[in-house]
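Engineer: Here is the input, now give the coordinates:
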Amino acid sequence: MDQTDHVLIVDDDREIRDLVSGYLGKNGLRVSVAADGRQMRAFLDTGRVDLVVLDIMMPGDDGLVLCRELRVGKHRAIPVLMLTARSDETDRIVGLEMGADDYLVKPFAARELLARIKAVLRRTRMLPPNLQVTEAARLLAFGAWRLDTTTRHLIDGSGTVVPLSGAEYRLLRVLLDHPQRVLSRDQLLNLTQGREAELFDRSIDLLVSRLRQRLRDDAREPAYIKTVRSEGYVFAMPIAIAQARDEWPIDPARAQEG
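Structural biologist: Below you'll find the model as predicted:
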């Protein structure tokens, strides 16, 4: 690598910050720490970070709030690995739906955290060069559809909101970020499902099928998501940044149920 990967640890527990930063530093990473959201924001505004390790349970703005903030702001491209002290799946599922790339339950072995960090960075870098079409956009237009990246609303031509699951939204965002580029199943699996991808090696096909249904795309002759035999999938529709929200109003009362 041309430069050392830089990880920002955001956790209100000083002992964890010290232990984790010490271990990661000894294993070849550059590490910075922040005790809360305010410190995280200040650091991100002044320095380059390759990945954020974000604790969920913090006073003030918790990790879920901060993760959501990262995903809709100028730092949206930075991968996030979340830490949770609870063993139930609620925080983990919500965290992933907020856009986290992976999660780890406390207490954890520092060695496992290091392995997860390397895996997330590796998955992130699997993508071809980003065209950055959606980097500064809030409302994206493609075919008969609009995607509001702030509210995560998929909107049809009549202004009706079509609900998307967290995985469906993540898949659509990856495709919109790389239009007219073939992405392999492995790339899409890793980017949309993270650590669970190894367990469901064909689940990306089901996810693509579900997203096609949301887009009312004909699976036999799709206009949006095309299958490239033996290679993967490509988003074939041109994408534009919509300038005026008023042209495509969101009517929650007309939102579809499924």
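
Engineer: Strands of this structure, start to end?
Structural biologist: Assigned by DSSP state E, the strands in the chain fall at 6-10, 30-34, 51-55, 80-84, 102-105, 139-142, 145-148, 153-155, 161-162, 225-228, 232-235, 240-241.

Engineer: so where's the protein uncertain?
Structural biologist: 1-2, 86-99, 124, 126-137, 190-202, 243-258 (pLDDT under 70).

Engineer: what's the distance between the residue nearest to F43 when sequence neighbours are not counted and D102?
Structural biologist: Leaving aside its sequence neighbours, F43 sits nearest to A34 (C-beta to C-beta, 6 or more residues apart in numbering; 5.7 Å). In this view, the C-beta of every residue, glycine as well, is placed from N, C-alpha and C. Between A34 and D102 the computed distance is 19 Å (C-beta to C-beta, to the nearest Å).

Engineer: now do A240
Structural biologist: As judged by C-beta to C-beta, A240 and D102 stand 32 Å apart.

Engineer: Same drill for the two, tell me which one is more crowded.
Structural biologist: Remark: of A240 and D102, D102 carries more neighbours, 21 against 12, as counted by other C-beta atoms under 10 Å.

Engineer: beta partners of that one?
Structural biologist: With DSSP bridges as the criterion, D102 is bridged to L81.

Engineer: That one touches R122, doesn't it?
Structural biologist: No - using C-beta atoms under 8 Å, D102 makes no contact with R122, being 11.5 Å away.

Engineer: What about R214, how many residues nearby?
Structural biologist: 20.

Engineer: for the one 4 residues further on, same thing?
Structural biologist: Applying other C-beta under 10 Å, we find 10 other residues in the vicinity of D218.

Engineer: For it, give its distance to I239.
Structural biologist: 20 Å.

Engineer: Likewise for G157?
Structural biologist: G157 is 16 Å from I239, by C-beta to C-beta.

Engineer: Likewise for G63?
Structural biologist: Distance, G63 to I239, using C-beta to C-beta: 31 Å.

Engineer: Please apply the same query to D62.
Structural biologist: Taken as C-beta to C-beta, the span from D62 to I239 is 33 Å.

Engineer: Regarding this protein, what is its longest helix?
Structural biologist: helix 110-124 (DSSP state H).

Engineer: tilt between that helix and strand 51-55?
Structural biologist: Angle, helix 110-124 to strand 51-55, by axes from the mean of the first three to the mean of the last three C-alpha atoms, to 10 degrees: 130 degrees.

Engineer: Give me the angle between helix 110-124 and strand 6-10.
Structural biologist: Calculated by the same axes, to 10 degrees, helix 110-124 forms an angle of 120 degrees with strand 6-10.

Engineer: Helix 110-124 packs against which elements?
Structural biologist: helix 14-26, strand 51-55, strand 80-84, strand 102-105, helix 185-193 (3 or more C-beta pairs under 8 Å, 6 or more residues apart in numbering; DSSP states H and E).

Engineer: 7 Å instead, please
Structural biologist: The contact analysis (3 or more C-beta pairs under 7 Å, 6 or more residues apart in numbering; DSSP states H and E) places helix 110-124 against helix 14-26, strand 51-55, strand 80-84, strand 102-105.

Engineer: Export the ones you listed as CSV, with columns for distance to G143.
Structural biologist: Output for these, formatted as CSV (distance: least, C-beta to C-beta, whole Å):
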stretch, distance to G143
helix 14-26, 44
strand 51-55, 34
strand 80-84, 30
strand 102-105, 32
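
Engineer: Fine by me, we can end here.
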